[in-house]
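S.K.: Test case, fold it:
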Amino acid sequence: MPSNENQGSASPFVSFGRSFLSIRREQVHSMEANHDPNTQESEIELFLRLISNRFHDLSVVSADELLSLAWMRKLLDAFICCHEEFRFILLNNKVRVSKPPLDRLVAEFFDRCLKALDICNATRDGIEKIRQWEKQLEIVLSAIDSRQRMMGEGQFRRARKAVMDLAIAMLDEKETGSIFSHRNRSFGRHQSSKDHRHRPPGHSRSLSWSVSRSWSAAKQLQSIANNLVPPRGNDISATNGLAVPVFAMNCVLMFVLWALVAAIPCQDRGLQIQFSVPRHFSWGAPFILLQERIMEEAKKRERRNSGGLLKEINQMERCTSQMTDLVDSVHFPLTDELKTEAGQQAQEITLVCEALKSGLDPLERQVREVFRKIMNSRTEGLEFLGSMNNHE
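M.R.: Numbers count the residues shown, from 1 in each chain. Just a heads-up that it's a prediction; the model follows:
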């Protein structure tokens, strides 16, 4: 269902914003008014270079920054930028897009976009889940706040209960990963109780306004990755090279979704997806490096059973473990050593809570923007392809 942002548009493919590379393109187009092959080649090269540069920047960050909230926001920003450029390419090549084999390749991309919307919804729920964990952490913090004149048994009992509740919630996510799937809130359409009653059980593809109880992020990713193969030589020549940016945008979409599932808690997470960017594509090197780095992170002993690879989740898990040890070992009256340790724990928890408070809302807004851009461009593209077919 198209969002309100798309309502009232005059025709498909006319709602593109000013492109990031529009100045360069305007220079090229002013010299090549007839849109000859050299112009098209320059357009494709600019797009592939953009992908390479944006994801290279993401691939060379430090270990501390990789998979942090700030890094995830940069990842989604890179996707939005590349997606906008891709839409511009489709706009400039509407005639070719309407003819085989490019029409098939673009239609397959839009099919993957539909499945991507469910990942966006699951990510939104995962962000909400992290918010609930952060609230529990704040309860712990308020109980052991070193600014209090004295910390008594009551404060530590409160801290112990909050720590146990948080540990159970995070453990439940590791084992089931489904507690939020029952009340998924979508960006695209509100679900009525009538819709819920009539949905078949075990439905694994939710058409992007809810996810069923049996929905699996791992299966959804594999469904998106299926048949994602490099274009054949005859397809490249038949499309005057445009098959390559379509494949590249498919890879960008696939990687971003995979990274979201890796970092954010969601239903039935899984990273062992049969997907990789071929090494002979120069723009693919950053994706290969990032996949290797993220898989190495997932294999670390302390991350192996984590609810998500997001750095801040790892920090939260560490704080929870340390606080559990502290509240289990405390005796009254408190020794100076335990008071000092409690103060240090409070400082660490404060930093984690501040990072989550400042980072989760902007990340959710970006996920929402990704959802809407994917949905709008898919709607516009399919309308255009349909109108061209009707004219024929």
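
S.K.: C-alpha from now on. contacts and neighbour counts both.
M.R.: OK.

S.K.: Packing partners of the strand or helix carrying residue 326?
M.R.: Remark: residue 326 resides in helix 311-329, with elements defined by DSSP states H and E. Helix 311-329 makes packing contacts with helix 153-175, helix 336-391 when contacts are defined by 3 or more C-alpha pairs under 8 Å, 6 or more residues apart in numbering; DSSP states H and E.

S.K.: Next, format the ones you listed as a markdown table and append mean pLDDT and distance to residue 115.
M.R.: Formatted as a markdown table, these follow (pLDDT from 0 to 100; distance: least, C-alpha to C-alpha, whole Å):
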| stretch | mean pLDDT | distance to residue 115 |
| --- | --- | --- |
| helix 153-175 | 84 | 23 |
| helix 336-391 | 89 | 10 |
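
S.K.: Make TSV out of the ones you listed and add distance to residue 133 and mean neighbour count.
M.R.: Formatted as TSV, those follow (distance: least, C-alpha to C-alpha, whole Å; neighbours: other C-alpha atoms under 10 Å):
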stretch	distance to residue 133	mean neighbour count
helix 153-175	6	18
helix 336-391	10	17
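
S.K.: of all the ones you listed, which lies closest to residue 312?
M.R.: helix 336-391 (6.7 Å; C-alpha to C-alpha).

S.K.: of all the helices and strands packed on helix 311-329, which lies closest to residue 52?
M.R.: Smallest distance to residue 52 across the helices and strands packed on helix 311-329 (C-alpha to C-alpha): 19.8 Å, for helix 336-391.

S.K.: and residue 128, helix, strand or coil?
M.R.: What DSSP: H, G, I helix; E, B strand; the rest coil gives for residue 128 is helix.

S.K.: Next up, the contacts around the nearest residue to residue 316 once chain neighbours are set aside.
M.R.: Leaving aside its sequence neighbours, residue 316 sits nearest to residue 352 (C-alpha to C-alpha, 6 or more residues apart in numbering; 6.8 Å). For residue 352, the contact set (C-alpha atoms under 8 Å, 6 or more residues apart in numbering) comprises 312, 315-316.

S.K.: With residue 246 as the reference, measure out to residue 352.
M.R.: 40 Å (C-alpha to C-alpha, to the nearest Å).

S.K.: And for residue 238?
M.R.: 14 Å.

S.K.: neighbour-wise, which of these two wins?
M.R.: Shown here are residue 238 and residue 246; by other C-alpha atoms under 10 Å, residue 246 has more neighbours (21 against 16).

S.K.: Now the phi/psi pair for residue 272, please.
M.R.: When quoted as degrees, to the nearest 10, the phi and psi of residue 272 stand at phi -80, psi 70.

S.K.: If we ignore the residues flanking it in sequence, what's nearest it?
M.R.: Leaving aside its sequence neighbours, residue 272 sits nearest to residue 218 (C-alpha to C-alpha, 6+ apart; 8.0 Å).

S.K.: Next secondary structure element downstream of the strand or helix carrying that neighbour?
M.R.: If you go by DSSP H and E, residue 218 is part of helix 217-225. Reading on from helix 217-225 to the C-terminus, the next helix or strand found by DSSP H and E is helix 233-238.

S.K.: Pull the residues that contact that following helix.
M.R.: The contact list for helix 233-238, computed with C-alpha under 8 Å, 6+ apart, reads 101-102, 242-244.

S.K.: Inside strands: which ones of those?
M.R.: Within the contacts of helix 233-238, no residue falls in strands by DSSP state E.

S.K.: Tabulate the residues you listed (a markdown table), appending neighbour count and pLDDT.
M.R.: Formatted as a markdown table, the contacts of helix 233-238 follow (neighbours: other C-alpha atoms under 10 Å; pLDDT from 0 to 100):
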| residue | neighbour count | pLDDT |
| --- | --- | --- |
| 101 | 16 | 95 |
| 102 | 21 | 95 |
| 242 | 24 | 96 |
| 243 | 24 | 97 |
| 244 | 19 | 97 |
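
S.K.: From those residues, pick the one nearest residue 169.
M.R.: Using C-alpha to C-alpha, these come closest to residue 169 at residue 244, 44.5 Å.

S.K.: and the closest one, what does it touch?
M.R.: Neighbours of residue 244 in contact, by C-alpha under 8 Å, 6+ apart: 230-231, 236.

S.K.: just to revisit the earlier point, got the buried residues for the helix holding residue 218?
M.R.: Neighbour counts over helix 217-225 (16 or more other C-alpha atoms under 10 Å) mark 217-225 as buried.

S.K.: Next, find the distance separating residue 321 from residue 328.
M.R.: For residue 321, the distance to residue 328 (C-alpha to C-alpha) stands at 11 Å.

S.K.: Let's see if you can find the most crowded of the contacts of residue 352.
M.R.: Neighbour counts for the contacts of residue 352, by other C-alpha under 10 Å, peak at residue 316, which reaches 24 neighbours.

S.K.: Residue 152 - how many residues pack around it?
M.R.: Residue 152 has 14 neighbours, counted by other C-alpha under 10 Å.

S.K.: err, residue 109, not the other one
M.R.: Neighbours of residue 109 under the rule other C-alpha under 10 Å: 19.

S.K.: other SSEs contacting the helix or strand harbouring it?
M.R.: Residue 109 belongs to helix 102-143 when assigned by DSSP H and E. Judged by 3+ C-alpha pairs under 8 Å, 6+ apart, helix 102-143 is in contact with helix 94-97, helix 153-175, helix 217-225, helix 243-263, helix 336-391.

S.K.: The ones you listed: which one's closest to residue 54?
M.R.: Nearest to residue 54, of all those, is helix 243-263, at 10.8 Å by C-alpha to C-alpha.

S.K.: so how far is stretch 93-103 off the chain centroid?
M.R.: In this view, stretch 93-103 has its centroid 29 Å away from the chain centroid, taken as C-alpha atoms, centre = their mean, to the nearest Å.

S.K.: Much appreciated, bye for now.
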